[in-house]
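> Structural data only, the sequence is not supplied:
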């Protein structure tokens with residue numbers, strides 16, 4: 001297998017993990033927006049315990065995606081940095097303020113106004129970050145960015161990223177994060193033997209999942225009308241993955257209905273993975289539509305193979321460490337949920 005293809009598969013895996021883990025964390029703040037920043041303490045405590053183990057570690061995958069793109073496909077990185085600097089900057093602001101707000105709110109014990117203010121900041125930043133990340137992806141998918149094969153950009157730096165598909169994808173990404181969070185939280189509440197919260201999040205997950213299914217069908221219409229190049233790729237190559245995503249999406253909803261939350265989480269994970277894979281397959285061999293191809297943007301093979309070797313060695317350290325992090329926090333929660341309260345000085 002060619003080294004650039006191997007790295008693209010690794011890129012897809014990292015992006016999928018970021019959506020599944022980081023997206024669920026964003027979803028916690030999105031639900032606070034939907035609950036008008038006034039989630040009951042019992043719900044907020046569950047939210048904080050669920051995202052506590054890796055609430056910022058998830059961004060390792062986003063950083064990895066950017067570093068991989070920068071080193072393996074420099075012209076693509078340069079073009080996207082020029083064309084999408086504004087939505088990416090706004091997403092970064094959301095990520096930074098989200099983390100700061102979560103930390104400051106956790107330690108503002110007894111200061112009602114401060115906790116409320118940081119709660120609003122956490123909720124809004126958690127919604128803004130996935131919206132602008134999704135809008136940036138939608139701008140790439142639309143294929144209207146005036147990028148050049150060598151990584152230049154000849155368009156308007158402020159507004160050329162804005163399109164109906166980009167805005168739709170921003171809202172769709174927010175919905176995906178909310179659905180992921182609701183499914184995971186239903187499972188988390190079940191593991192903590194809280195039937196009341198499990199049923200509450202199950203109802204929210206079902207409502208959100210049905211709504212996301214409707215939006216997914218609308219997204220196909222957007223692709224057909226707003227992204228003809230990508231739509232052609234879906235028709236010719238990626239349609240089997242679209243079918244798989246539909247099947248896994250219905251499976252996730254069915255498992256929710258039967259209160260099988262582990263199966264539902266697996267189903268939504270498979271749905272996200274196949275949607276991202278179908279996007280890549282549909283625009284292959286283009287890396288950034290319409291001008292930048294994989295072959296034209298890749299670094300020399302010696303660099304690509306060196307990166308593959310480095311990633312393989314790094315994965316031996318990173319992946320077990322993340323797995324151990326999950327295990328430690330989950331053990332603490334099973335022994336005493338209060339011991340993982342973010343208001344505790346040891347947290």
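All right, it came through fine. This structure is a prediction, so every number in the text was calculated from the model and none was measured.

> if you average pLDDT over stretch 259-271, what comes out?
Mean per-residue pLDDT for stretch 259-271: 93.

> mind listing what's buried in it?
Neighbour counts over stretch 259-271 (16 or more other Cβ atoms under 10 Å) mark 260, 261, 263, 264, 265, 266, 267, 268, 269, 270, 271 as buried. Bear in mind the C-beta positions are built from the backbone N, C-alpha and C, glycine included.

> ok, residue 138 - how many residues close by?
Residues lying near residue 138 (other Cβ atoms under 10 Å) number 27.

> From the chain's centroid, how far away is the strand or helix carrying residue 101?
Secondary structure from DSSP states H and E places residue 101 in helix 85-107. The chain centre lies 15 Å from the centre of helix 85-107; the measure is Cα atoms, centre = their mean, to the nearest Å.

> tell me which strands and helices it is in contact with?
If you count contacts as 3 or more Cβ pairs under 8 Å, 6 or more residues apart in numbering; DSSP states H and E, helix 85-107 packs onto helix 112-142.

> If you compare the directions of the helix it packs on and helix 85-107, what angle comes out?
150 degrees (axes from the mean of the first three to the mean of the last three Cα atoms, to 10 degrees).

> ok, back up a step: can you list contacts of the helix holding residue 101?
Helix 85-107 has contacts (Cβ atoms under 8 Å, 6 or more residues apart in numbering) with 26, 29, 48, 55-56, 59, 80-81, 114-115, 118-119, 121-122, 125-130, 132-133, 135-136, 139, 157-158, 161, 166, 342-343, 347.

> Please identify the buried residues of that helix?
So for helix 85-107, counting by 16+ other Cβ under 10 Å, buried means 86-88, 90-91, 94-95, 97-99, 101-106.

> again with stretch 182-193
182, 183, 184, 185, 186, 187, 188, 189, 190, 192.

> Now the fourth one: closest residue in space, sequence neighbours ignored.
Spelled out, that is residue 185. With Cβ to Cβ, 6 or more residues apart in numbering as the criterion, residue 185 has its nearest non-adjacent residue at 4.4 Å, and that residue is residue 201.

> now the third one
Nearest non-adjacent residue to residue 184, counting by Cβ to Cβ, 6+ apart: residue 24, 5.1 Å away.

> these two touch, right, that neighbour and residue 180?
Yes. Assessed by Cβ atoms under 8 Å, residue 24 is found in contact with residue 180 at 4.2 Å.

> more neighbours, those two?
The neighbour count for residue 24 versus residue 180, taken as other Cβ under 10 Å, is higher for residue 180 (28 against 25).

> In contact with the more buried one, which residues are there?
19, 20, 23, 24, 27, 268, 272.

> What's the separation between the closest residue to residue 124 other than its chain neighbours and residue 200?
Spatial nearest neighbour of residue 124, chain neighbours left out: residue 33 (6.9 Å); criterion: Cβ to Cβ, 6+ apart. From residue 33 across to residue 200, the span is 17 Å (Cβ to Cβ, to the nearest Å).

> Between these two, tell me which one has more neighbours.
Higher neighbour count among residue 33 and residue 200: residue 200, with 19 against 16, using other Cβ under 10 Å.

> now residue 287, what's its secondary structure?
For residue 287, the assignment made with DSSP: H, G, I helix; E, B strand; the rest coil gives strand.

> Enumerate every residue touching it.
Residue 287 neighbours (Cβ under 8 Å, 6+ apart): 73, 76, 293, 294, 297.

> could you flag which of the residues you listed are buried?
73, 76, 293, 294, 297.

> From those residues, which land in helices?
76, 294, 297 (DSSP state H).

> Closest to residue 325 out of the residues you listed?
Relative to residue 325, the closest of these is residue 76; by Cβ to Cβ it sits at 31.7 Å.

> For the longest helix anywhere in the chain, what is the distance to the chain centroid?
The longest helix of the chain (DSSP H) is helix 301-335. When C-alpha coordinates are averaged (Cα atoms, centre = their mean), helix 301-335 and its chain have centres 18 Å apart.

> Same question for stretch 60-80.
On the basis of Cα atoms, centre = their mean, stretch 60-80 sits 16 Å off its chain's mean C-alpha point.

> Stretch 264-277 too?
12 Å.

> circling back: the longest helix of the chain packs against which elements?
Here helix 301-335 touches helix 3-17, helix 59-72, going by 3+ Cβ pairs under 8 Å, 6+ apart.

> average pLDDT across the following helix or strand past the first one?
Counting by DSSP H and E, the next helix or strand C-terminal to helix 3-17 is helix 23-34. Mean pLDDT, taken over the full extent of helix 23-34, equals 83.

> Would you mind listing the buried residues in helix 23-34?
Buried residues in helix 23-34, defined by neighbour count with 16+ other Cβ under 10 Å: 23, 24, 25, 26, 27, 28, 29, 30, 31, 32, 33.
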